[in-house]
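K.L.:
A structural model of the following input is requested.
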Amino acid sequence: MTNAPGLITYALASLQSSFKQNQSEVSMNNKLARVLAKKSFFWLTKNPEILSDFFLETGLDITDLKEITSSEDFLSSLIDFLLTSDKLVLEVSYYLKIKPTDFGQIRLALKGGNTPRWT
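P.N.:
Below you'll find the model as predicted:
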């Protein structure tokens, strides 16, 4: 973990171009969901204790970030992690300036987020 700050910096730099996405769009599509998930990860990196919980929950390591930060599977697992806590959803939605209920739409728009059909 000696190079952890450098890896986080690298991962964040690779995400910066996504941060210019216009949030005024009403409909949630995959592209917007990915942008919001990446911004959620940026928020997570500013909260080391919660980031540590995320690593414990997912089994990821700081060294994995370089390869996976743009992976839709990673973004889906990140949103799943945030959805485990109302407090996290509220904090991140405030940071992103979106409604907390938008997280459900973000998750649906990402890989594996389809609502099951029970009938």
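K.L.:
where are the low-confidence patches of this structure?
P.N.:
Where the chain drops to pLDDT under 70, the residues are 1-27, 113-119.
K.L.:
Could I get the full set of helices for it?
P.N.:
Under the criterion DSSP state H, the chain carries helices at the ranges 4-15, 30-45, 48-58, 65-68, 72-82, 86-96, 102-109.
K.L.:
could those go into JSON lines alongside mean neighbour count?
P.N.:
For every residue, glycine as well, the C-beta is placed using N, CA and C. Formatted as JSON lines, the helices of the chain follow (neighbours: other C-beta atoms under 10 Å):
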{"stretch": "helix 4-15", "mean neighbour count": "14"}
{"stretch": "helix 30-45", "mean neighbour count": "20"}
{"stretch": "helix 48-58", "mean neighbour count": "14"}
{"stretch": "helix 65-68", "mean neighbour count": "14"}
{"stretch": "helix 72-82", "mean neighbour count": "19"}
{"stretch": "helix 86-96", "mean neighbour count": "16"}
{"stretch": "helix 102-109", "mean neighbour count": "20"}
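K.L.:
Can you name the residues that contact Gly104?
P.N.:
Leu83 (C-beta atoms under 8 Å, 6 or more residues apart in numbering).
K.L.:
Distance check, it against Tyr95.
P.N.:
Between Gly104 and Tyr95 the computed distance is 17 Å (C-beta to C-beta, to the nearest Å).
K.L.:
How about Leu36?
P.N.:
For Leu36 relative to Tyr95 (C-beta to C-beta), the value is 11 Å.
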